[in-house]
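> Fold the stuff below for me.
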Amino acid sequence: MSIRLFSLLLFTAILTSCHSNTEENTTESKAPQPSVYNPYSKSTITLELFRVDSVDNTGVRGWGYNVMVDGKIVIHQPTVPAVMGNNGFSSEEKAKKAGEFVIYKIKNNILPPAVTPEELDSLDVLD
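Below is the predicted model of the structure:
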């Protein structure tokens, strides 16, 4: 009786093992592969800085930036992204650093090119 039980358990273990490997291989092959295509690889990407208080009359002060792709505004950023509040960057230099970082992300296919408070802090653009 114990040989039959052992054989049955061994057979079940082998079947389960084969079935699991088949499922894993199927799942892996269906997983979307990361895209290496960068739609902006041949584009001209530039940065345009502006004083926020010269753009509108909302009481917001500071500096902002536009990211231009082939001469067209694709990102208009009048406020410091990823942080609370509606203030622009405190200096033109800080807006430039943040905008250049966003352009770096676009050129390196890190899309969307969102920034985090930690990234802005590491760039030393937060006050």
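> Doesn't residue 47 belong to a strand?
Yes - assessed by DSSP: H, G, I helix; E, B strand; the rest coil, residue 47 belongs to a strand.
> Low-confidence regions, this structure specifically.
Under the criterion pLDDT under 70, the flagged ranges of the chain are 1-35, 54-59.
> For it, which segments count as strands?
45-51, 63-69, 72-77 (DSSP state E).
> Contacts only, for residue 124.
By C-beta atoms under 8 Å, 6 or more residues apart in numbering, the contact set of residue 124 is 94, 97. C-beta here means a position set from N, CA and C on the backbone, and glycine is covered the same way.
> sorry, back to before: could I get the strands of the chain as JSON lines with mean neighbour count and distance to residue 106?
Shown next, in JSON lines, are these (neighbours: other C-beta atoms under 10 Å; distance: least, C-beta to C-beta, whole Å):
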{"stretch": "strand 45-51", "mean neighbour count": "14", "distance to residue 106": "6"}
{"stretch": "strand 63-69", "mean neighbour count": "21", "distance to residue 106": "7"}
{"stretch": "strand 72-77", "mean neighbour count": "14", "distance to residue 106": "8"}
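> Residue 39: which of those strands is closest?
In terms of C-beta to C-beta, the element of the strands of the chain nearest to residue 39 is strand 63-69, at 9.4 Å.
> Any chance of the strands of the chain in TSV with distance to residue 105 as columns?
Converted to TSV, these look like this (distance: least, C-beta to C-beta, whole Å):
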stretch	distance to residue 105
strand 45-51	11
strand 63-69	10
strand 72-77	11
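> Tell me which of those strands sits nearest to residue 88.
Within these, the stretch nearest residue 88 is strand 63-69; the backing value is 4.9 Å (C-beta to C-beta).
> how far off strand 45-51 does that closest one point, in degrees?
160 degrees (axes from the mean of the first three to the mean of the last three C-alpha atoms, to 10 degrees).
> contacting residues for residue 83?
117, 120, 126.
> And residue 43, how close does it get to residue 85?
32 Å (C-beta to C-beta, to the nearest Å).
> Residue 126 too?
For residue 126 relative to residue 85 (C-beta to C-beta), the value is 11 Å.
> These two: which is more packed in?
Of the pair residue 126 and residue 85, residue 126 is the one with more neighbours under other C-beta atoms under 10 Å, namely 15 against 8.
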